[in-house]
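In: Whatever this is, show me its structure:
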Amino acid sequence: MFAEEAERLRARLGAVALSIDHNGSTSVPGLAAKPVIDMQISVAEMQPMDLYREPLRRLGYVHVPDADDCFCPFFHRPESWPHTHHIHVVQAGGAEEHRTLAFRDHLRRHAEVARRYEALKRELVAVERRDREAREDYARAKTDFVEQTIAAADAGQLVVTLGDPRKPEAMGLVAALSAELRRRYGGGDGDFTDFHPDEFLARRSGFLVGRRDGRAIACGAFCGLEGDVCEIKRMYVADGERRRGHARRVLAAVERLARGHGYTAARLQTGDDQSEAMGLYENAGYRRIARFGAYVDNQRGVCFEKALV
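Out: Got it, this is the predicted structure:
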């Protein structure tokens with residue numbers, strides 16, 4: 001049932017939907033569930049909502065206005081109960097997208113956790129007709145279970161999500177990158193510090209942060225360069241966290257979002273003393289090109305390009 005509905009959604013939404021994922025209890029084999037298909041649609045930009053609200057309306061989905069509309073608007077069909085399909089729309093690369101899939105995937109991998117979740121859900125049936133306090137206790141227990149499960153799923157893993165380049169964790173990663181570039185190439189304190197957070201807050205741009213066990217250890221970003229070509233910038237993995245595949249995951253996440261924003265190619269620049277970076281990009285399908293833009297006169301710069309379509 002999910003596969004059939006996902007095809008209908010892809011046909012109607014087109015490139016607006018970067019991914020359509022099955023989530024909720026029906027997405028976990030063997031887990032008791034109500035006959036409702038839950039889905040998560042990831043989009044490059046949450047606004048304007050009509051980019052996805054109108055196509056969903058034409059498929060019979062009804063939007064339920066809520067305070068969560070800014071990060072997770074909800075739709076259902078048919079209009080009246082009982083519903084057969086639920087949809088939450090989320091930002092690709094965002095924390096909400098990650099949380100939903102991390103919870104689902106952990107239940108799929110760990111049958112004993114799925115059984116505990118099923119038992120907890122069955123308690124809801126017992127408290128639905130009881131007093132308000134009992135229902136609130138259940139809601140808190142369910143929330144705690146979900147949070148603990150997501151924490152277990154993320155333990156030891158690199159979690160790459162969109163971040164705010166103005167926040168201290170992002171600024172700290174950029175400062176560490178600048179310091180490393182000064183050590184490699186020389187220069188004073190004012191070199192390699194030309195960082196403008198607003199560049200990555202503009203439309204069709206993004207700054208991603210990789211965290212492991214809650215600690216920010218990697219970053220990568222993209223912004224418009226010319227037409228449908230973007231530039232990938234600020235690729236960095238903290239010293240001591242390298243050679244674990246983190247850079248590949250950050251690069252893949254950056255490319256996915258850039259592709260979702262309609263970019264057809266990506267360019268980037270690195271330095272001739274960064275053989276590990278050059279190897280990363282070449283292995284990811286980038287080809288060397290002539291120095292471009294601000295890097296034309298940088299004799300130690302090495303530039304790359306990759307088609308994203």
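In: Can you give me every residue that contacts residue 8?
Out: residue 59 (Cβ atoms under 8 Å, 6 or more residues apart in numbering). Any C-beta I mention is one placed from the backbone N, CA and C, and that applies to glycine too.
In: separation between it and residue 17?
Out: Distance of residue 8 to residue 17, computed by Cβ to Cβ, to the nearest Å: 11 Å.
In: next helix or strand past the longest helix anywhere in the chain?
Out: Secondary structure of the chain read by DSSP state H shows that its longest helix is helix 132-154. Sequence order places strand 158-162 as the next helix or strand after helix 132-154, per DSSP states H and E.
In: confidence score at the residue nearest the centre of the chain?
Out: In the chain, the centroid-proximal residue (Cα atoms, centre = their mean) is residue 93; its distance is 1.5 Å. pLDDT recorded at residue 93 is 97.
In: what about it, distance to residue 222?
Out: Separation of residue 93 from residue 222 (Cβ to Cβ): 11 Å.
In: all helices of the stretch 1-150 of the chain, in order?
Out: 2-13, 50-58, 95-109, 111-127, 132-154 (DSSP state H, counting those that start in this stretch).
In: Show me what counts as buried in the third one.
Out: If you call a residue buried by 16 or more other Cβ atoms under 10 Å, then helix 95-109 has these buried ones: 96-104, 106-107.
In: if we can go back for a sec, could you say which of the helices of the stretch 1-150 of the chain is packed most deeply?
Out: helix 95-109 (a mean of 18; mean count of other Cβ atoms under 10 Å).
In: got a list of contacts for that helix?
Out: Residues from elsewhere that reach helix 95-109, judged by Cβ under 8 Å, 6+ apart: 21, 23-24, 27-29, 31, 40, 42, 71-72, 88, 90-91, 113-114, 117, 146, 149-150, 152-154, 159, 161-162.
In: thinking again about what came up before, identify, from the buried residues of helix 95-109, the entry nearest to residue 209.
Out: For the buried residues of helix 95-109, the closest approach to residue 209 (Cβ to Cβ) belongs to residue 98, at 11.7 Å.
In: If I look at that closest one, what pLDDT would I see?
Out: 98.
In: what does stretch 200-211 contact?
Out: 45, 93, 158-166, 169-170, 173, 197, 199, 216-224, 230, 234, 237, 246, 249-250, 253-254, 257-258, 261-263.
In: Sort out which of those residues are in helices and list them.
Out: 169-170, 173, 246, 249-250, 253-254, 257-258.
In: Pick the one among these closest to residue 290.
Out: residue 258 (21.3 Å).
In: residues contacting the closest one?
Out: By Cβ under 8 Å, 6+ apart, residue 258 lies in contact with 206, 222, 230, 232, 266, 308.
In: Which secondary structure element is home to the fifth one?
Out: For residue 266, the element it lies in under DSSP H and E is strand 265-271.
In: what inclination does that strand have with respect to helix 246-260?
Out: Going by axes from the mean of the first three to the mean of the last three Cα atoms, to 10 degrees, strand 265-271 is angled at 150 degrees with respect to helix 246-260.
In: so how far is the first residue of stretch 280-296 from its last?
Out: In stretch 280-296, first residue to last residue: 22 Å (Cα to Cα, to the nearest Å).
In: Count the residues that sit near residue 40.
Out: Counted with other Cβ atoms under 10 Å, residues neighbouring residue 40 total 22.
In: er, residue 22 I mean
Out: With other Cβ under 10 Å as criterion, residue 22 counts 17.
In: swap in the one 10 residues further on?
Out: Using other Cβ under 10 Å, residue 32 has 14 other residues around it.
In: quick revisit: mutual contacts of residue 93 and residue 222, please.
Out: With Cβ under 8 Å, 6+ apart, residue 93 and residue 222 have common neighbours 206, 257.
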